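> need the 3D shape of this:
(2 chains)
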Amino acid sequence: MSGGAAALPVPATAAAKRRRRNYARHYAWFIVPAAAVVVAVILFPWAFTLYVSAFDWRLGGERRWVGLANYAALFSDARFGWAMLRTLLYTVLAVVFPLLFGLAAALAFHRRFPLRGLARAVFILPMMATPVAVALVWTMMFHPQLGVLNWLLTTAGLPPSMWVYSASTVIPTLVLVEVWHWTPLVMLLLLGGLAALPVDPYEAAKIDGATPWQAFRHVTLPLLMPFIVVALIIRTIDALKAFDTIYVITQGGPGSASETINIFLYLQAFAFYNMGYASAVVVVFFAIIMALAALLLWTRQRVRLT
Amino acid sequence: MRSSITRRTALRTGTALLAAPALVERANAQSAFDWRRFRGERIEATVQLSPRGQLLQQSSKEFEDLTGIKLGLEVVPEQQHRQKTIVEFASGRPSFDVTEVSLHVNKRQVGKARWCADVKALMTDQTLTAPDFDFSDFGQGMVNYATQADGRMDTLPAFADYFILYYNKELLAARNVEVPKTWDEMFEAAQRLTDTSKQVYGHVGRGLKNANVVLWSSYLLGTAQRDMIDANRQLITDTPDAVWAGETYRKFLRDASPPGSIGFNWNECQTTFMQGRAAMWLDGIGFAAPLEDRARSRVAGKVGYAVVPRGPGSSHHCALFGAGYGIPETSRKKGPAWLFIQWALGKPMQLRMLAEGRGVPARASPFRNEEAIGRSPFPRDFFQSLEASSKIARAGLPEIVPVTQFRDVIGTALTNTISGADVAGELKRATAEFRPVLEQSERES
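All right, here's what the predicted structure looks like:
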């Protein structure tokens, strides 16, 4: 019977379709829990955020429908614009420097030398520290009169710095903390990439008389590029959502000098309880992040193809 | 002749004599207030992480032993606590039966939404209120502070926080400087006490936006204007008196304070003062305890306490902040919750608060307890400053719903002045920015 059925392709396809339908009917219930979770923790909050963004609503006060007025207000809000610019600056610096230092550290730790394992372990220690604890320790070190950093500077004959206590140095100083904290992660990602590289291209380069720099520039870097792009994506997402370190160290100050979009959003939602406006900020910021993520993924795809 | 006292009679009598004290105590307890009427129930309370909150945490078993009520006490850092309570109140189903409310931040918001029950109704219920509760013991100033504009009292005042002047006696004596009585004298003294070669400064104060507004309002309280909103609830933060307060703020922070003060909150100020790097510091009395801790402070035993200096106006005020404990209107355990508040703000606990330097109690009786004051690690001038401050205290922030946004906008303007911006221009800009927010809030009130 089965042999006969196999000889007739059309009824067999219909049977297969029927089987698939039955399979789907029988097992469809298994996706319900996962779908319920997705709806409850992702789709509903998003739909609700969109809905709330159309209201002028302060917690404890009246809720008034304003349509797109919150979005219109957002685009004419200079403080929001400055927060976006600061976020951009902070993100660029907090991505570029860990990538450069992480790459240098990965190349150094890829070489064989005594106690390499211990050195690697020590290097990744900052990454394991809790961000809030790290921020509190750095805050103490940045104190202009009592902090250890200015003591070190003056001991070395250099002028003291205001670190996070000056509008002109606050962003670079916060980036310094970010670089210290997250360079080890980039190093680990790139070290994994280096260990996976084939040795043949290096042997070919050596036979062709390539210098160490030429081997790095024309062999290591292109082969490592997919790993660098992964590190770039992870760091960019991390830097864009940076909040805890900035909030603990400066709370967005002095003045608004370190008020990034996350601090701005936090103030609107949980200090001013301006829920409608804060929801509009979330929607706009989400759209920007989605666009950026799409760009990064497209870049990654291109790197992989080339 | 046989004795009439048998062995059995002797045993009965002995047992009765032994049991008598316990029976008398029980009888007295039953005739007095019944603290255990809700035994077996459980309530949830949430308070801020502070020396006061820690005192409750350490003593919570005493409450459970007294009442038989199981207490779930949550202690949350100040800012997060305010957010948590407001969000939970707004949800309509707060998880707590008692909460601490910062009167200088959330009083009007909580009152407007009628989130908390009126405690006056509970106070008049003799079955729920212990006879020795003694409401008249609460200072009138704090009672007024906790009372809403419509007469409801939705929190019972717990403690006050006055701005006072801390000074380093040693540094002042070394330069032969008297404790200043006016702001002008204080600025002059601060300049004399500044020695940049030793990194010692005459003054330290809050420069961080939002936190700094209370320093500016301390100067403003010394002017004829005094307040930040007028009787018609209009913003008056760009008037000549407000600008004078801004100029005073700027000169203290720019010309007599450590570099970097622009980013200082109270904790950086406290550290600087504790390390002997600042001669004078104006801030809340609640920050006094670590200064007298010999393990942490280099100025322990050398700190002087004084009321804030006078301004150019005829009145003399210090900024007042404080908190109260309230019961959500939606709580189904108002009775047990009210017993908790009576215990937490009863005379013994308030006395401990004062004697251990954990804060300024809302009750008056602790200040009359000479024995406890004598045992306290704080010097006599600490208590004298407290008493004097309590007589001149006035709200340090306006009673408006968007008070945090007010602090943010005005605070940013003040911070900008430290960097060199024009005071009048900054206050005018900030006032124009905040005015529509206040107007909308008042329309909705």
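> against B:H104, how distant is A:A293?
A:A293 is 43 Å from B:H104, where distance means Cβ to Cβ, to the nearest Å. In short, each C-beta sits where N, CA and C put it, glycine included.
> so those two - more neighbours on which side?
B:H104 (20 against 14; other Cβ atoms under 10 Å in any protein chain shown).
> quick one, phi/psi of the more buried one?
phi -80, psi -10 (degrees, to the nearest 10).
> these two touch, right, it and B:A393?
No. Assessed by Cβ atoms under 8 Å, B:H104 is found out of contact with B:A393, at 11.6 Å.
> who touches both of these two?
Overlap of the contact sets of B:H104 and B:A393 (by Cβ atoms under 8 Å, 6 or more residues apart in numbering or on different chains) consists of B:L320.
> my guess is A:A271 contacts B:Q405, does it?
Yes. Between A:A271 and B:Q405 a contact is recorded at 7.3 Å, counting by Cβ under 8 Å.
> settle it for me: which of the two has more neighbours?
Between A:A271 and B:Q405, counted using other Cβ under 10 Å, B:Q405 has the larger neighbour count: 23 against 19.
> chain neighbours aside, what residue packs nearest to that one?
Closest residue to B:Q405 apart from its sequence neighbours, by Cβ to Cβ, 6 or more residues apart in numbering or on different chains: A:F272 at 4.5 Å.
> any idea how far B:R429 is from the one you found?
Note on A:F272: its distance to B:R429, by Cβ to Cβ, is 18 Å.
> do the same with A:Q301
A:Q301 is 48 Å from B:R429, where distance means Cβ to Cβ.
> same question, B:R363
On the measure of Cβ to Cβ, B:R363 and B:R429 end up 43 Å apart.
> in chain B, which residue sits nearest chain A?
Proximity of chain B to chain A (Cβ to the nearest Cβ) peaks at B:G260, 3.2 Å away.
> so how far is the strand or helix carrying B:G335 from its chain's centroid?
Secondary-structure assignment from DSSP states H and E places B:G335 in helix B:334-344. Distance of helix B:334-344 from the chain centroid (Cα atoms, centre = their mean, to the nearest Å) equals 20 Å.
> do stretch B:271-279 as well
Counting by Cα atoms, centre = their mean, stretch B:271-279 comes out at 23 Å from the chain centroid.
> need the distance between the two termini of that stretch.
In stretch B:271-279, first residue to last residue: 12 Å (Cα to Cα, to the nearest Å).
> quick one: average confidence on that stretch?
Stretch B:271-279 shows a mean pLDDT of 96 in the predicted model.
> how about residues contacting that stretch?
Contacts of stretch B:271-279 with the rest of the structure, by Cβ under 8 Å, 6+ apart, involve A:143, A:145-146, B:166-168, B:170-172, B:177, B:189-190, B:193, B:199-204, B:257-258, B:264, B:269, B:281, B:290-291, B:296-299.
> of those residues, which belong to strands?
B:Y166, B:Y167, B:N168, B:Y201, B:G202, B:H203, B:V204, B:W281 (DSSP state E).
> quick one: contacts for the last one?
The neighbourhood of B:W281, defined by Cβ under 8 Å, 6+ apart, consists of B:L165, B:Y166, B:Y167, B:H203, B:V204, B:G205, B:C269, B:Q270, B:T272, B:F273.
> tell me the spacing between the residue nearest the centre of chain A and chain B.
Among the residues of chain A, the one closest to the centroid is A:I237, at 1.8 Å (Cα atoms, centre = their mean). To chain B, A:I237 is 25 Å away according to Cβ to the nearest Cβ, to the nearest Å.
> what sits against that residue?
A:I289, A:A293.
> A:F272 and B:R429: which is more packed in?
A:F272 (20 against 17).
> can you verify my assumption that the more buried one contacts A:W57?
No. Using Cβ under 8 Å as the test, A:F272 is too far from A:W57 to be in contact (11.6 Å).
> tell me the SS of the residue nearest to the centre of chain A?
Here A:I237 is recorded as helix under DSSP: H, G, I helix; E, B strand; the rest coil.
> report pLDDT for it.
We have a pLDDT of 89 for A:I237.
> and what of B:L354?
pLDDT, read off for B:L354, is 89.
> burial check on it, number of neighbours?
23.
> likewise for B:A421?
B:A421: 16 neighbours (other Cβ under 10 Å).
> that one - nearest residue in space that isn't next to it in sequence?
B:A421 sits nearest to B:A413 (Cβ to Cβ, 6+ apart), 7.8 Å away.
> try A:Y247
Nearest one to A:Y247, counting by Cβ to Cβ, 6+ apart, is A:I263 at 6.3 Å.
> if you average pLDDT over stretch B:112-119, what comes out?
For stretch B:112-119, mean pLDDT is 94.
> so that stretch, near chain A or not?
Yes. Stretch B:112-119 reaches chain A (Cβ under 8 Å from any Cβ of the partner chain) through B:K112, B:A113, B:W115.
> list the contacts of the second one.
Yep, that's B:A113 we're talking about. Counting by Cβ under 8 Å, 6+ apart, B:A113 touches A:G60, B:F89, B:A90.
> now B:K107
Contacts of B:K107 (Cβ under 8 Å, 6+ apart): B:V101, B:Y145, B:A146, B:Q148, B:T155, B:E399.
> which bits of the stretch 151-300 of chain A sit near chain B?
Applying Cβ under 8 Å from any Cβ, we find that the stretch 151-300 of chain A lies next to chain B at A:162-167, A:170, A:250-256, A:267, A:270-274.
> could you point out which element follows the helix or strand harbouring A:I234?
For A:I234, the host element (DSSP H and E) is helix A:221-240. Sequence order places helix A:244-249 as the next helix or strand after helix A:221-240, per DSSP H and E.
> state the mean pLDDT of that next one.
Here the average pLDDT along helix A:244-249 is 94.
> pull the residues that contact that helix.
The contact list for helix A:244-249 (Cβ under 8 Å, 6+ apart) reads A:131-132, A:134-136, A:138-139, A:142, A:164, A:174, A:177-178, A:181, A:252, A:258, A:260, A:262-263, A:266.
> same question for stretch A:275-282.
A:49-50, A:52-59, A:63, A:66, A:70-71, A:73-74, A:80, A:261, A:264-265, A:268-269.
> the same query, at a cut-off of 7 Å, please.
Stretch A:275-282 is contacted by residues A:49, A:52-53, A:55-59, A:70-71, A:73-74, A:264-265, A:268-269 when judged by Cβ atoms under 7 Å, 6 or more residues apart in numbering or on different chains.
> quick one: buried ones out of the residues you listed?
Buried by 16 or more other Cβ atoms under 10 Å in any protein chain shown: A:49, A:52-53, A:55-59, A:70-71, A:74, A:264-265, A:268-269, out of these.
> and the furthest pair within the residues you listed?
Largest separation among these by Cβ to Cβ: A:L59 and A:Y71, giving 20.5 Å.
> where does chain A dip in pLDDT?
Scanning chain A for pLDDT under 70 picks out A:1-12, A:304-306.
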